[in-house]
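1. Here is my input, please return the structure:
(chains A and B)
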Amino acid sequence: MGFPREADDHAEKLRWRGVPGVGDGSKDVSNDQQPNRNSGAEVSISLPSITGKILAKVIEYCEKHVFDFKQGGPGEDWDREFVNVDQAIIFDLIRAADYLAIQGLLDLTCKKVAAQMANKSLEEIRKLFNIENDYTPEEEAAVRQEHPWAFFD
Amino acid sequence: MKKEYFIEYTHLISILLSSNRLCGPSGGLVLAFSEGGVRPGALFEFTFSALLVQVARGEPVARPATSRPLPPWASPYLEKDAMDWFSSLPDEILPKILSFLSTKEAVQTCILSKRWRNAWTFLPVLKFSVADYWVDGSFEDDKFNNFLSGVLENRYPIKLDVFEYTNAVLNYDSEISFEFIDGIGLEPRKAVVIVGRDRADLLDYPEFVFSCTKLENLDLRMKIADALPIRIRPELVHLPALKFVDLTGIALVDDCKFTQNLCSKCPVLETMVLRLCDLDITEISSKVLKELTLYSCSQARRTQISCPSLASLVIESYEEMEGFELKNMTSLKYAKIFLYLDDNHGDLNLSSLSNVSHLSLGLLPQFKEKLEKDICDCSKAFRNLRHLEIDFLCLSYDIDLVACFLKQSPFLEELTLHLCEPEEDDPEEEISQEELGNRINVLFQREHLKTLRIVKPKERPDLVIDTLMNNLRTHIKTIGEEIIMCET
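-> Okay, the predicted model is just below:
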């Protein structure tokens, strides 16, 4: 398929470690699988699920936060800067974090999206995220009737 | 020969990497993927000398008509104009995003589009804030009460993770009714109740947070405008699953039995944090408590702390305190004591700290004198002490205490000294070697210290510490690593 090799920037040594909080809980990781050591081999892997750019971002986050348990992490400023990116990247990061079960990154990115929704009218939110309002006026009125306690502004 | 693996992500994937910077048992992540889709869920570990990541982008996939999210292997943003950003996210993520909004805003998203109709009902976090209903200088209590009951009646009965109630609006006339919420049987994992009023007798909060069978984490913050900590006297305390409790601004009094109840009726209570509380209690006694932290509390009388499982004790207080009697501190590993003791009768028995491995002490008035007396006379060695940190150390003068510690701790590895700003009227003396010998009546030299760290105050990065270093070197033969840094 002839795709650009971003790989050269990603040459890294990889070794097995375990970090609690990543990929645990809801996903059923079978921990008793014997690791298959394949040292020294040069392996080329296609990762069609997640673009190299997003993978790099996820790795960047994980690398910074892997010390959370010992030293309290890089701090809010770094986190804030990390999610100061295009909408497309934020949403790709959410999907990646959800799929890879990285709680900290998922919280951070969801919080960023929530911050964009806060204190905005419904129409403003729809516009910002291109949400198509598929309610007919009658349907919308019905929903409002159903929960009158929620709408009184 | 390069092998190419087609990677199909499954739910088991996380990313493994490490770099030269990461070392030690806490570093790294796991990269796992299944090979060829045949054995989904298999976990592999690889050691690569170079990882070549071939970037593959899937074919553009037409946006599905329903709200089913795109499969992870398709990048949805190839067609960029006017695409619904949320369409690529699975349904389960929407409530997660909403959980960072106030519940009031979250509920209103049901009108955004059909997909959002019931997203809020799966909110794992409920946040009610009285400030949301404060309109034009008056509180709309009817609307608030209706909202409370509306949310609770209409939400999907999933497990509630966090319940948060904030009422920091100091003065209003109306009353909030907690009858509904106290009666509905909410069982959150964590409850945060933040209440501030202008008068103590008008303080109101939901009582159910004191009797939740599944509550693991309770964060209670009380504030009365410009006044002292407030007593609370919950009718019933039944929190069998409570693991963490964090109390702010509460007056703990023997009569109210609040702390006694927490200690005796919570069989798994591991962590207790008290901030800005007033302690008028004779004891904190628990067989299971592992961490006890007291920040800026005040004290009416000396308190006995008897917690045989306690591993960490932090007492940080810059107001005069009566002191503590530490009993049964057999499990204590970490202690941080910054204590300002009352002139006449403040006390803390320091010999009970002799088993700790990490000790951090702030040399506040009275406490410093007490330390010098207790530690230097102490026959018990600090055999387990590996890390010692001393704060508010004034240059040149307090070396005696450090020397005492060095003598009493044969296995000390790391010593950190935080220097404080020298007083205006203290001359920065040059102490002669002879005078040094006279002053220091502890002639002791230990072999080796792994790390010595000196932290200079922010305002004086130029502070000359040669004398101090010379003093220290007379007591320590070899120092592995010497770090001199400025306070951050």
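
2. And the pLDDT at residue B:387?
-> Confidence at residue B:387, expressed as pLDDT, is 92.

3. oh, I was asking about residue B:423
-> So, for residue B:423, pLDDT stands at 60.

4. ok, which stretches of chain A are strands?
-> For chain A, the strands defined by DSSP state E cover A:43-47.

5. before we move on, what about the stretch 101-250 of chain B?
-> B:125-129, B:134-135, B:138-139, B:162-167, B:190-197, B:217-224, B:230-231, B:244-248, B:250-253 (DSSP state E, counting those that start in this stretch).

6. I'd like to know which of those is closest to residue A:130.
-> Closest approach to residue A:130 among the strands of the stretch 101-250 of chain B (CB to CB): strand B:125-129, 26.2 Å. For every residue, glycine as well, the C-beta is placed using N, CA and C.

7. Now do residue A:60 against chain B, distance only.
-> Residue A:60 is 10 Å from chain B, where distance means CB to the nearest CB, to the nearest Å.

8. To residue B:446, which of the strands of the stretch 101-250 of chain B lies closest?
-> The nearest among the strands of the stretch 101-250 of chain B, by CB to CB, is strand B:244-248 at 39.8 Å.

9. Contacts for the closest one next, please.
-> B:216-223, B:262, B:266, B:269-277 (CB atoms under 8 Å, 6 or more residues apart in numbering or on different chains).

10. wait, what's in contact with residue B:159?
-> B:124, B:187, B:189.

11. And chain B, what are its domain boundaries?
-> Structural domains assigned to chain B are B:89-228, B:379-421+B:433-487, following the TED database.

12. Just give me the lowest mean pLDDT stretch among these.
-> Mean pLDDT across these is lowest at domain B:379-421+B:433-487; the value there is a mean of 78.

13. roughly how far is stretch B:463-477 from the heart of the chain?
-> 35 Å (CA atoms, centre = their mean, to the nearest Å).

14. Which residues in it does the neighbour count mark as buried?
-> Going by neighbour count (16 or more other CB atoms under 10 Å in any protein chain shown), the buried part of stretch B:463-477 is B:463, B:465, B:467-468, B:471-472, B:474-476.

15. Tell me where the model's unsure across chain A.
-> Low-confidence segments of chain A, defined by pLDDT under 70, span residues A:1-50, A:67-73, A:153.

16. can we see that at 50?
-> Where chain A drops to pLDDT under 50, the residues are A:1-48.

17. domain parsing for it?
-> A:47-119, A:121-152.

18. and the residue lying closest to residue B:342 once chain neighbours are set aside, how many neighbours?
-> Of all residues not flanking residue B:342 in the chain, residue B:320 sits nearest, at 4.5 Å (CB to CB, 6 or more residues apart in numbering or on different chains). Neighbours of residue B:320 under the rule other CB atoms under 10 Å in any protein chain shown: 18.

19. Give me the buried positions along stretch A:97-109.
-> Buried residues in stretch A:97-109, defined by neighbour count with 16+ other CB under 10 Å: A:97-102, A:104-106, A:108-109.

20. I'd like those residues laid out as CSV, including distance to residue A:151.
-> As requested, those are exported to CSV (distance: CB to CB, whole Å):
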residue, distance to residue A:151
A:97, 33
A:98, 31
A:99, 35
A:100, 38
A:101, 36
A:102, 36
A:104, 35
A:105, 34
A:106, 30
A:108, 31
A:109, 29
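
21. Between which two of those is the distance greatest?
-> A:99 and A:108 (15.5 Å).

22. before we move on, the earlier item: intersect the buried residues of stretch A:97-109 with the contacts of chain B.
-> Among the buried residues of stretch A:97-109, proximity to chain B is found for A:98-102, A:106 (CB under 8 Å from any CB of the partner chain).

23. just curious, which of those is nearest to residue B:199?
-> residue A:106 (42.7 Å).

24. which non-adjacent residue is nearest the closest one?
-> residue A:97 (4.0 Å).

25. quick one, what contacts that neighbour?
-> A:58, A:103, A:105-106, A:109.

26. what does residue B:324 give?
-> Applying CB under 8 Å, 6+ apart to residue B:324 gives the contacts B:302-305, B:315, B:347-348.

27. Give me the PyMOL select line for these, limited to the buried ones.
-> Here is the PyMOL command that selects the buried residues among the contacts of residue B:324 (16+ other CB under 10 Å):
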select buried, chain B and resi 302+303+305+315+347+348
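
28. Of the contacts of residue B:324, which is the nearest to chain A?
-> residue B:315 (20.7 Å; CB to the nearest CB).

29. Three-state assignment for the closest one, please.
-> Following DSSP: H, G, I helix; E, B strand; the rest coil, residue B:315 is assigned to strand.

30. And it, how far from residue B:335?
-> 8 Å (CB to CB, to the nearest Å).

31. which residues are common contacts for these two?
-> Common neighbours of residue B:315 and residue B:335 (CB under 8 Å, 6+ apart) do not exist.

32. Please flag which of the buried residues of stretch B:463-477 sit within helices.
-> Residues of the buried residues of stretch B:463-477 located in helices (DSSP state H): B:467-468, B:471-472, B:474-475.

33. What is the nearest of the residues you listed to chain A?
-> Looking across these and measuring by CB to the nearest CB, the closest to chain A is residue B:472, at 26.4 Å.

34. Now the closest residue to the closest one other than its chain neighbours: phi and psi?
-> Nearest non-adjacent residue to residue B:472, counting by CB to CB, 6+ apart: residue B:452, 6.8 Å away. Backbone torsions for residue B:452, taken as degrees, to the nearest 10, come to phi -120, psi 130.

35. Okay, and the beta partners of residue B:452?
-> Going by DSSP bridges, residue B:452 is paired in beta bridges with residue B:415, residue B:482.

36. Check the contact between it and residue B:479; I expect there is one.
-> Yes - if you go by CB atoms under 8 Å, residue B:452 and residue B:479 touch, sitting 5.0 Å apart.

37. the more surrounded of those two?
-> residue B:452 (19 against 15).

38. Okay, the more buried one and chain A: tell me how far apart.
-> 20 Å.

39. Repeat that for residue B:309.
-> On the measure of CB to the nearest CB, residue B:309 and chain A end up 21 Å apart.

40. Same check on residue B:460?
-> For residue B:460, the distance to chain A - CB to the nearest CB - is 25 Å.

41. nearest residue to that residue other than its sequence neighbours?
-> Nearest to residue B:460 is residue B:421, by CB to CB, 6+ apart, at 6.3 Å.

42. ok now do the residue nearest to residue B:472, which residues does it touch?
-> Contacts of residue B:452 by CB under 8 Å, 6+ apart are B:414-416, B:472, B:476, B:479, B:481-483.

43. Need the residues you listed in TSV (columns: distance to residue B:177).
-> Shown next, in TSV, are the contacts of residue B:452 (distance: CB to CB, whole Å):
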residue	distance to residue B:177
B:414	56
B:415	58
B:416	54
B:472	65
B:476	67
B:479	66
B:481	63
B:482	64
B:483	59
